[in-house]
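Visitor: below is the sequence, then the predicted model.
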Amino acid sequence: MSAIAIDLPDDVVAARDGIVAFAEQEVIPRHQRNYELFENPRALYREDGRFSDALIELIREVRVASAEAGFYQMCVPEALGGGGLGHLAYYVAWQELFHRCGPRYRLMLYALAHWAFGPSRLLEQVTPEARERIMPGLMGINSAMLLDQGHAAVKELSMTKAYSVQVGFRAVDRAMQTHGAKGFTNELGLTEAWHALRIVNVADGTNEILNRTVVGRLLKGDLDL
Ligand SMILES: Cc1cc2nc3c(=O)[nH]c(=O)nc-3n(C[C@H](O)[C@H](O)[C@H](O)COP(=O)(O)OP(=O)(O)OC[C@H]3O[C@@H](n4cnc5c(N)ncnc54)[C@H](O)[C@@H]3O)c2cc1C
């Protein structure tokens with residue numbers, strides 16, 4: 001039986017070696033310094049099953065340190081502000097991280113954004129209109145999944161609501177334009193749809209407030225996509 005030999009691109013090798021060095025300098029020492037915390041489930045989790053404040057703070061520290069070192073978003077598409085190294089770098093980096101650090105260093109999970117698990121490749125290829133049809137549903141499912149897992153999902157819910165309402169506006173606007181003057185009549189119900197969206201855009205948080213919430217969470221180190 002023979003293995004498949006592929007030559008890794010230089011930038012993938014550099015990213016792999018860099019993030020392993022990062023883990024050795026920033027992740028493993030944090031585990032050693034916080035040995036008692038990681039050995040005690042009562043200190044790691046609250047009674048409702050959510051992560052404790054101490055664990056959340058350590059995760060935040062690792063994410064911010066990784067972002068500052070340029071690793072955290074390295075596999076996220078450039079169009080979204082990432083390094084654009086893609087899935088190959090992601091899996092090569094993870095393989096090496098687990099090989100060197102082993103699964104017991106759980107903070108290591110937060111050294112790299114888990115972009116590869118999303119439907120990112122599909123969303124990059126489809127038209128902006130198709131993306132707008134797909135995204136609100138996916139964002140809603142993602143928020144529901146996080147809530148089910150005991151996470152607060154504050155950033156995700158804020159993004160979902162703000163984005164979905166804007167997508168709805170654009171859809172109704174396009175439909176009105178397509179129908180011409182008929183778009184304003186009571187035959188199609190588009191003006192009612194627009195009015196309903198206008199109300200939802202204020203109720204349960206205006207977009208400005210939701211955007212502030214998202215930025216606030218990002219600045220606190222809640223960088224997961
Ligand atoms: C149909 C409907 C149902 C509602 N139901 C409920 C309910 O059940 N329970 C409840 O408690 N409330 C309810 N509300 C109230 C709703 O939550 C508020 O209307 C909403 O949060 C906006 O607050 P406001 O009306 O005081 O507007 P303001 O806060 O005065 O906002 C006015 C404008 O200023 C902007 N703005 C405000 N602060 C900032 C800032 N810091 N930076 C940038 N821009 C800013 C806003 O985005 C907005 O465009 C409901 C509202 C509606 C329309």
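Guide: Structure received. Treat the numbers as computed from the prediction; the structure is a model and nothing was measured.
Visitor: buried residues, the longest helix seen in the chain. List them.
Guide: Longest helix of the chain, by residue count under DSSP state H: helix 154-179. By 16 or more other Cβ atoms under 10 Å, the buried positions in helix 154-179 come out as 154-165, 167-169, 171-172, 176. For glycine as for every other residue, the C-beta is placed from the backbone atoms N, C-alpha and C.
Visitor: past the worst-scoring helix or strand of the chain on mean pLDDT, which element shows up next along the chain?
Guide: In the chain, no helix or strand scores lower on mean pLDDT, DSSP states H and E than helix 120-125, which sits at a mean of 72. From helix 120-125 onward toward the C-terminus, using DSSP states H and E, the following helix or strand is helix 128-148.
Visitor: got a list of contacts for that following helix?
Guide: The contact list for helix 128-148 (Cβ atoms under 8 Å, 6 or more residues apart in numbering) reads 119, 123, 126, 152-153, 156-157, 159-160, 163-164, 167, 170-171.
Visitor: please repeat the previous calculation with a cut-off of 10 Å.
Guide: Residues from elsewhere that reach helix 128-148 (Cβ atoms under 10 Å, 6 or more residues apart in numbering): 118-119, 122-127, 151-161, 163-168, 170-171, 174, 224-225.
Visitor: over to stretch 193-209?
Guide: Contacts to stretch 193-209, defined as Cβ under 10 Å, 6+ apart, come from residues 157-158, 161-169, 171-173, 175-176, 183-184, 189, 210-213.
Visitor: try 8 Å this time
Guide: Under the criterion Cβ under 8 Å, 6+ apart, residues 158, 161, 162, 165, 166, 168, 169, 172, 173, 176, 213 lie in contact with stretch 193-209.
Visitor: TSV for those, including distance to residue 52 and pLDDT?
Guide: TSV is the format used below for the contacts of stretch 193-209 (distance: Cβ to Cβ, whole Å; pLDDT from 0 to 100):
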residue	distance to residue 52	pLDDT
158	24	96
161	28	96
162	30	95
165	35	94
166	36	93
168	38	94
169	41	93
172	45	95
173	46	95
176	51	96
213	23	96
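Visitor: pull the most distant pair out of those residues.
Guide: Spanning the widest gap among the contacts of stretch 193-209 are 176 and 213, at 30.5 Å by Cβ to Cβ.
Visitor: now do the contacts for the nearest residue to residue 65 once chain neighbours are set aside.
Guide: Among residues not flanking residue 65 along the chain, residue 26 sits closest, at 4.9 Å (Cβ to Cβ, 6 or more residues apart in numbering). With contact taken as Cβ under 8 Å, 6+ apart, residue 26 is in contact with 62, 65, 66, 69, 111.
Visitor: could you point out where this protein is predicted with low confidence?
Guide: 1-4, 115-121, 225 (pLDDT under 70).
Visitor: residues from it in reach of the ligand?
Guide: Within the chain, the positions near the ligand by Cβ under 6 Å from any ligand atom are 199, 202, 203, 204, 205, 206, 208, 209, 212.
Visitor: let's go with 8 Å and repeat that
Guide: Listed as neighbours of the ligand in the chain under the rule Cβ under 8 Å from any ligand atom: 199, 200, 202, 203, 204, 205, 206, 207, 208, 209, 212.
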